[in-house]
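Asks: Can you look at this prediction? I've put the sequence above it.
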Amino acid sequence: MRRWLKPLRVLLAVVFFGVLSAAFLDFRGLMPTRLAHAFAAMQLGPATLAAVAGSALAAGSVALLLIVTLLFGRVYCSVICPLGILQDAIARLRPRRRTATRFAPENKTIRYGFLTSALLAVALGATGVAFTLLDPYSHFGRITATLGRTALVIGNNTLVPAAQTLGWQALYRVPPPAPPLGLVLFATIAAVTVAALALWRGRIYCNTVCPVGTILGLLSRVSAFRLTIDPAACTKCADCLRACKAQCIDLRAGRVDASRCVACANCLSACRHGGIAYRFAWRRTQRAPDPQRRALVAGALAVPPLAALQAVAAAPRRAPVAPPGAHSATRLLDRCTGCQLCVTACPTQVLQPAVFDYGWLGFAKPHLDFERAFCNFDCHRCGDVCPTGAILPLALADKRLTSVGTAQFERSRCIVETDGTDCAACSEHCPTKAVNTVPFRDNLRLPAVNESLCIGCGACEFACPVRPQRAITVTARATHTRAAQAVEARPQLPKPTGDFPF
Amino acid sequence: MKTSRRDFLKTGLALAATVSAGRFTRALAADVPAAPRTILAAVRDGTRTAMLDRALAELGGLSQFVRPGQTVLIKPNIGWDVAPDLGANTHPELVGHLVKLCRDAGAKSVSVFDHTCDQWQRCYATSGIEPAVRDAGGIVVTGDDHALYRPVEIPRGVKLKSAEVHSLVLDSDVFINVPVLKHHSGSLMTGAAKNLMGVVWDRRFYHRNDLHQCIADFLTFRKPDLNIVDAYHPMVRNGPRGRAADDVVELRSLLASTDIVAVDTAAARLLNQNPADIRHIGLAAAHGVGTTNLDALDIRRVKLA
Ligand code: SF4
Ligand code: SF4
């Protein structure tokens, strides 16, 4: 067992990391939405949110993850969490010699301080913000989607000319993602912090900052299988310490701190004396944690700023349009962790991360950006991939009737009125014909909006050529509704005469 | 290569004239007009492929247009992410068959693209055109890459004086335009001339600066060598995207001609529209790029059933 545990762990980690990275990097829409969703939905943070929102499947996966932890310890952190695996990959870059080799005691104040503040924030109704700031999967998503994906697309675009001269048609240029600066900054800070901590001290981030790690750590104290030092065989050579990324092996005391051990099995492979083993140790419950008063105070101190953040979430100038399936911006903000999976899955790139469009609380959450594109009528990828239920999956027939906004036509700006020439770019693009045209002077056709048919997809706004202010714009609906469906008789003209009309 | 094809045609005609001259000098002097009239092939009541085959035969065969070793561009309408039965895009069967015919005629390469309105990969796939072209041995190229467009001057343009045009239009030896015939809520009809909006980068410029004039102006820059209008089941309302499959009417027709204005004039009649109401048709005729006078054409009306 000591031989194959680590390779098995690495293999599984590569699969999870590979699929999730591919989901966030995929700029050609090749990733099946089911696959991306399945792997994202196994993440504890999103799954918990989805479970609370009533998804039985998500509740099942939360239960499964907790049971796995109770049985085997924090394998989640070593195998399933992409941010954890990313840290392992980064930590490999440091020179072997300089690997920290000492046992480091747990910093309870910081560790439980983060957990308490996260829990308090959730209790106070700032769930969306707490998850955006602290959920590891969502950090990974933002880092990969904003930094990795952009780099990949630029790389792709640089290679295209060479590929084309070689007559290789498989590559083509795609517009670079261009995420908003605020998000790039945020993701960069997160990436640099995580990378620096990983280079410095392995899994220190997971064992002090990450609330998911802390919660799983509480469970793994009593897990059935644990890494256990055999005092008879152990020579105290400290080979295991050099291999341990969590610095949780206390040789002096002859025990492994199960709450910080991520069950990576590195020590098993490193030990030449059979001094450490992964064994059934259920009875030997480690001392219960005592999240000291300091931690509680630290956590409580973090809450007022969060509450203040919520208070200043002033109404933005033009309310952003939430994607179909979100139901309302309020609901979206409450459930979305800002992981960017929907943004990367959106084929038209109309779905963009907000900076302060929704106010402070909506940072990194998706909105429809009609400057860039419009929502594709026959698409509902965002709802299909979303792991938290912030964007619910919709059957295509329902998506086509889900109204997220309404179009307003401003005739005084319309080219047909101002220039006296035909245009109808809006009506041309409208998939529901909520904007149609009516005969106007001089054999012209003027747009007219039927609000009951409009789904707020923004095709009309995107297509409208009038600048600086467009002649047709979409206003967000506070709560999404169901649009009416046009009923038309079969068309009569032209009558198929069986002859040529010329 | 383009000129070489025209030269070839001219030489061919001259040769034919010389040969005939010897034999029927007298008869010829009386009957043959100065120039042969442009042919407009109008075919009805067949399958899409059969109608295309027949139309091409009426025009003297595809070898009149595509010679071995040439690069061919086929420009269908692939504007929308909708299935073939909605009639918003040129039918994939027609496009695929045309690609195959071009390959059979010895074309070095047959490329297909459109600067779509909906997201391009989805349009290419859902329209069925991407698989059809691939299967027939053609190449699908993106129309969504700005770097593939080159700026050109359009000296005779009234409103459209310059544009960024897809390099395939500029570089291909043969340019075949294969629009689908549709209703359009703005320009009343989408046919051959309107389909060419899909070869320029900035479509909004057209809308902002007199749509009809721009459509006509582009033709002074480049006319397709051949226009084939897919009127098998034209969309007669809610165009150009369409809302449902019953927006189309089954006409089972196909038009083909080298004269883009004539083909649109006939197409308008198929849609029960007055060609005079569709401004770009008249403006194109005013530019001298074709004629709206169908009587001046050699119309080959063919019913296959
Ligand atoms: S439904 Fe609209 S917003 Fe969502 S992924 Fe599709 S195009 Fe993007
Ligand atoms: S009117 Fe505009 S926003 Fe409404 S359905 Fe049509 S294109 Fe979409």
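Replies: All right, it came through fine. Numbering: from 1, shown residues only, chains lettered A, B, ... in the order given. Ligands and ions are numbered 1, 2, ... in the order given.

Asks: mind listing what residue A:385 touches?
Replies: When contacts are counted by Cβ atoms under 8 Å, 6 or more residues apart in numbering or on different chains, residue A:385 is found next to A:23, A:33, A:36-37, A:40, A:341-342, A:345. No exception for glycine: its C-beta is placed from N, CA and C like everyone else's.

Asks: ok, which stretches of chain A are strands?
Replies: For chain A, the strands defined by DSSP state E occupy A:225-229, A:249-250, A:255-256, A:276-280, A:351-353, A:366-368, A:402-409, A:435-440, A:444-449, A:472-482.

Asks: ok, now which ones touch the closest residue to chain A within the stretch 101-250 of chain B?
Replies: Using Cβ to the nearest Cβ, the closest approach of the stretch 101-250 of chain B to chain A is made by residue B:186 at 2.4 Å. Residues touching residue B:186, when contacts are defined by Cβ under 8 Å, 6+ apart, comprise A:422-425, A:427-428, A:437, A:445, B:211.

Asks: can I assume it sits in a helix?
Replies: No: assessed with DSSP: H, G, I helix; E, B strand; the rest coil, residue B:186 is coil; it does not lie in a helix.

Asks: Need the nearest residue in space to it, chain neighbours excluded.
Replies: With sequence-adjacent residues excluded and distances taken as Cβ to Cβ, 6 or more residues apart in numbering or on different chains, residue B:186 is closest to residue A:424, at 2.4 Å.

Asks: and the gap between the one you found and residue B:229?
Replies: Here the criterion is Cβ to Cβ, to the nearest Å. By it, residue A:424 lies 21 Å from residue B:229.

Asks: coming back round to it: which of the contacts of residue B:186 lies closest to ligand 2?
Replies: Closest approach to ligand 2 among the contacts of residue B:186 (Cβ to the nearest ligand atom): residue A:427, at 8.1 Å.

Asks: Would you agree residue A:428 is in contact with residue B:183?
Replies: No: between residue A:428 and residue B:183 no contact is recorded; they are 10.9 Å apart, counting by Cβ atoms under 8 Å.

Asks: Which neighbours do these two have in common?
Replies: Counting by Cβ under 8 Å, 6+ apart, the residues touching both residue A:428 and residue B:183 are residue B:240.

Asks: Those two: who's more crowded?
Replies: Neighbour comparison, residue A:428 and residue B:183: the larger count goes to residue A:428, with 26 against 22 (by other Cβ atoms under 10 Å in any protein chain shown).

Asks: what's near enough to touch that one?
Replies: Under the criterion of Cβ under 8 Å, 6+ apart, the neighbours of residue A:428 are A:463, B:117, B:184-186, B:240-241.

Asks: Mind doing that once more with 6 Å?
Replies: The neighbours of residue A:428, taking Cβ atoms under 6 Å, 6 or more residues apart in numbering or on different chains as the test, are B:186, B:240.

Asks: could you say which helix or strand contains the residue in the stretch 101-250 of chain B that ligand 2 sits nearest to?
Replies: When Cβ to the nearest ligand atom is the measure, the stretch 101-250 of chain B has its nearest residue to ligand 2 at residue B:241, with 9.5 Å between them. Using DSSP states H and E, residue B:241 sits within no helix or strand.

Asks: what about it, neighbour count?
Replies: Here the number of neighbours of residue B:241 (other Cβ under 10 Å) works out to 27.

Asks: for the one 3 residues further on, same thing?
Replies: Residue B:244 is flanked by 14 other residues according to other Cβ under 10 Å.

Asks: For it, grab phi and psi.
Replies: phi -150, psi 170 (degrees, to the nearest 10).

Asks: Which single residue in the stretch 101-250 of chain B comes nearest to ligand 1?
Replies: For the stretch 101-250 of chain B and ligand 1, the shortest gap (Cβ to the nearest ligand atom) falls at residue B:119, measuring 7.7 Å.

Asks: In CSV, list the C-alpha atoms belonging to stretch B:294-301.
Replies: In CSV, the C-alpha atoms belonging to stretch B:294-301 read as follows (Å, rounded to 0.1, in the frame of the first residue of the first chain):
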residue,chain,number,x,y,z
LEU,B,294,-35.4,40.7,-67.5
ASP,B,295,-36.5,41.0,-71.2
ALA,B,296,-33.0,41.7,-72.2
LEU,B,297,-31.9,38.3,-70.7
ASP,B,298,-31.9,34.9,-72.1
ILE,B,299,-34.1,33.3,-69.5
ARG,B,300,-34.1,29.5,-69.4
ARG,B,301,-37.2,28.5,-67.6
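
Asks: Need the per-residue pLDDT for the residue in the stretch 1-150 of chain A that ligand 2 sits nearest to.
Replies: Per Cβ to the nearest ligand atom, residue A:29 is where the stretch 1-150 of chain A lies closest to ligand 2, at 21.8 Å. Looking at residue A:29, its pLDDT stands at 92.

Asks: surely it meets residue A:346?
Replies: No: counting by Cβ atoms under 6 Å, residue A:29 sits too far from residue A:346 to count as a contact (9.1 Å).

Asks: What residue, apart from its backbone neighbours, is nearest residue 157 spatially?
Replies: Using chain A. residue A:173 (4.8 Å).

Asks: nope, chain B
Replies: Counting by Cβ to Cβ, 6+ apart, residue B:157 lies nearest to residue B:217, which is 3.6 Å off, once chain neighbours are set aside.

Asks: Got the phi and psi for the residue of the stretch 1-150 of chain A closest to ligand 2?
Replies: Residue torsions, per degrees, to the nearest 10, at residue A:29 are phi 70, psi 30.

Asks: wait, what's in contact with the closest residue to it other than its chain neighbours?
Replies: In space, not counting the residues next to it along the chain, residue A:29 is nearest to residue A:347; the distance is 5.2 Å by Cβ to Cβ, 6+ apart. Taking Cβ under 6 Å, 6+ apart as the contact definition, residue A:347 lies against A:29, B:119, B:122.

Asks: In TSV: those, plus neighbour count and distance to residue B:82.
Replies: What follows is the contacts of residue A:347, written out as TSV (neighbours: other Cβ atoms under 10 Å in any protein chain shown; distance: Cβ to Cβ, whole Å):
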residue	neighbour count	distance to residue B:82
A:29	17	18
B:119	21	12
B:122	19	10
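
Asks: Spatially central residue for chain A, please.
Replies: With distances taken as Cα atoms, centre = their mean, the residue of chain A nearest its centroid is residue A:339 (1.7 Å).

Asks: Can you show me the helices along the stretch 201-305 of chain B?
Replies: Counting by DSSP state H, counting those that start in this stretch, residue ranges of the helices within the stretch 201-305 of chain B are B:203-208, B:211-221, B:260-270, B:279-286.

Asks: Using PDB, write down the CA coordinates of the shortest one.
Replies: These are the backbone C-alpha positions of helix B:203-208, laid out as PDB (Å, rounded to 0.1, in the frame of the first residue of the first chain):
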ATOM      1  CA  ARG B 203     -21.500  45.600 -41.300                       C
ATOM      2  CA  ARG B 204     -22.600  48.400 -39.000                       C
ATOM      3  CA  PHE B 205     -21.200  50.900 -41.400                       C
ATOM      4  CA  TYR B 206     -23.700  49.800 -44.000                       C
ATOM      5  CA  HIS B 207     -26.600  50.300 -41.600                       C
ATOM      6  CA  ARG B 208     -25.300  53.700 -40.500                       C
END
